[in-house]
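Asker: Build me a model from this:
(one chain, ligands or ions: 2)
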Amino acid sequence: MEKIILKDIPDLDKIDVYIANGGYTGLKKALTGMTPDQVIDEVKKSGLKGRGGACFSTGMKWSFMPKGNEKPKILCCNGDESEPGSFKDREIFEKNPQQFIEGSLIAAYAMGIGAIYVYIRGEYWKWINIMEEAVAEAYKKGMIGKNIMGTDFSCEMYVHMGAGAYICGEETSLMNSLEGKRGYPRFKPPFPAVNGVWGNPTTINNIETLANVPEIINKGGEWFSKIGDPRQPGTLLFGVSGDVNKPGVYELPTGIPLIELINDHCGGVIGGKEIKMVIPGGSSMPPLNREEALTVRMDNESLKEIGSYIGTAGVIVMAEGTDVVNVIRRVTKFYYHESCGQCTPCREGCGWMLKVLNRIMDGKGRMSDLDLLISIAENIEGNTICALGDAAAWPVKWAVRKFRKDFEAKITDKTIELPVLNKVHGLMKSPDEYDTITLQSEQEVVKELMGNVQELTQSEDVKRFSS
Ligand SMILES: Cc1cc2nc3c(=O)[nH]c(=O)nc-3n(C[C@H](O)[C@H](O)[C@H](O)COP(=O)(O)O)c2cc1C
Ligand code: SF4
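Answerer: Residues are numbered from 1 along each chain as shown. Ligands and ions are numbered 1, 2, ... in the order given. This is a model prediction of the structure:
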């Protein structure tokens, strides 16, 4: 299949190679042969939907920007990419940064924008450096700046280093962060197109969304609309991680069966194991069980039919033997830590879910905890300023519903696993190097630990140390 973004062209990250392979012809076509409205219509015709998680129509979003020049307009390119399991935008920065830059400039032209901010998470030094260099190269070639390609269109581009928080990827929080304020999401309305960065009309788009635009302008919206599932056309950069033999980023048409992605592209599940659970679009998306994973197609509408979403297309595969309760506990810990704390349901609810999950993991769970978890999740969902609340609630609610037996087993089975090989020293080694034993009661745990201590104090190491 022909790739739209991660093309198999060596050194495509270099601007000369990009130009030699048809780069910046989309921008030229737009600037010299199309009105801004025609560009927006072409993007609408393509059916392109945002790749940042919400899957909103890109052409529609662009058409919300007010016409006229009373205030400067701004485009924010969202490269925060901090959701666990999502790692595809950085692949664009590395492999084809100029196509993203070109797409942003076409977007700016279509919306009458004069300033573009590329927002990248502060810790992502590698990609910040890459993008600063790529933007500087594009300036040198006259692709960014005053009178681009000899036309009346002028636009500046800045790479902005974020402060390092998952919440700063949420569009209104990103705007606050860009203004130098705390990364707190804003109430909507007013929407960014009306009142965005520094009170100016603003559009926020994901990096992958924008990287699709040059080819849409070059080859036409109709061409793009025929790729993949017509309800969400184009390709997706699937970032596959977890228990697969070949994790990585794979550009494939939307609507590809998940099992084909796992088996044919990612080399199958490690050790030939069965699938236990798959999170289809970054850690916030409702997880899929084995039956669903075997049959679902990877586009937003197909996933919606079974109660999930495509999100960022960050696919986390977990094999049989995975401790589902522990995975959900870990995911919840992340959202609890990342909640900005503005809304009570999210701030308190994430903590409550974590406490209950910790209790279950500690062998002190009650059967009523399962309905309690669903109830807390449902009280968060839809009751918060931003979608981080939903992101925290969905994995818990759906995991309890779909993997209830695993949760029940954790509650009824009071076993605890302790490392036995090399005792205390063994804890410093990799988990593969020690076995575990299963204990049934607190007394057994105490006895085993005391045994460890006794053995340790009599060990040669300790004797040598004390002599
Ligand atoms: C907590 C949270 C974090 C988000 N992080 C990102 C992110 O890192 N990158 C991104 O493009 N969108 C992120 N989004 C979605 C953005 O708010 C927004 O919908 C997106 O950038 C719009 O671009 P698109 O229409 O091109 O998808 C996040 C949303 C939430 C609620
Ligand atoms: S939902 Fe959570 S992260 Fe979003 S504004 Fe409310 S408290 Fe902050």
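
Asker: nearest residue to Gly22 other than its sequence neighbours?
Answerer: Taking CB to CB, 6 or more residues apart in numbering, and ignoring the residues beside it in sequence, Gly22 has Asn218 as its nearest neighbour in space, at 7.2 Å. C-beta coordinates here come from the backbone N, C-alpha and C atoms, glycine included.

Asker: Ramachandran angles for that neighbour?
Answerer: The main-chain torsion angles of Asn218 are listed as degrees, to the nearest 10 and equal phi -70, psi -50.

Asker: Measure how buried it is and give me the count.
Answerer: Residues near Asn218, counting by other CB atoms under 10 Å, number 17.

Asker: That one contacts Thr25, doesn't it?
Answerer: Yes: taking CB atoms under 8 Å as the contact criterion, Asn218 and Thr25 are neighbours in contact, 6.0 Å apart.

Asker: Look up the pLDDT of the closest residue to ligand 1 within the stretch 151-300 of the chain for me, please.
Answerer: Using CB to the nearest ligand atom, the closest approach of the stretch 151-300 of the chain to ligand 1 is made by Gly169 at 2.2 Å. Among the per-residue scores, Gly169 holds a pLDDT of 98.

Asker: ok, it to Ala399 distance?
Answerer: With distances taken as CB to CB, to the nearest Å, Gly169 is found 23 Å from Ala399.

Asker: same question, Tyr166
Answerer: For Tyr166, the distance to Ala399 under the criterion CB to CB works out to 20 Å.

Asker: more crowded one of these two?
Answerer: Ala399 (27 against 24).

Asker: what does this structure have sitting close to ligand 1?
Answerer: 50-54, 56, 61, 78, 80-82, 166-167, 169-171, 204-206, 209, 386-388, 391 (CB under 6 Å from any ligand atom).

Asker: what about Lys126, which helix or strand?
Answerer: helix 125-140 (DSSP states H and E).

Asker: With only the CA atoms kept, save whichever helix or strand comes after that helix in CSV.
Answerer: Beyond helix 125-140 in the direction of the C-terminus, DSSP H and E gives the next helix or strand as strand 156-161. Below are the C-alpha coordinates for strand 156-161, written out as CSV (Å, rounded to 0.1, in the frame of the first residue of the first chain):
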residue,chain,number,x,y,z
GLU,A,156,5.9,32.7,10.9
MET,A,157,6.5,29.4,12.7
TYR,A,158,7.8,28.8,16.3
VAL,A,159,8.8,25.6,18.0
HIS,A,160,7.5,25.9,21.6
MET,A,161,8.8,23.7,24.4
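
Asker: Give the pairing partners of strand 156-161; include direction for each.
Answerer: Using DSSP bridges, the strands paired with strand 156-161 are strand 115-120 (parallel).

Asker: quick one on the thing from earlier: what sits against the nearest residue to the residue of the stretch 151-300 of the chain closest to ligand 1 once chain neighbours are set aside?
Answerer: Distances taken as CB to CB, 6+ apart put Asp80 closest to Gly169, at 3.4 Å, once the chain neighbours are dropped. Residues in contact with Asp80, defined by CB atoms under 8 Å, 6 or more residues apart in numbering, are Tyr119, Ile120, Arg121, Gly162, Tyr166, Cys168, Gly169, Leu174.
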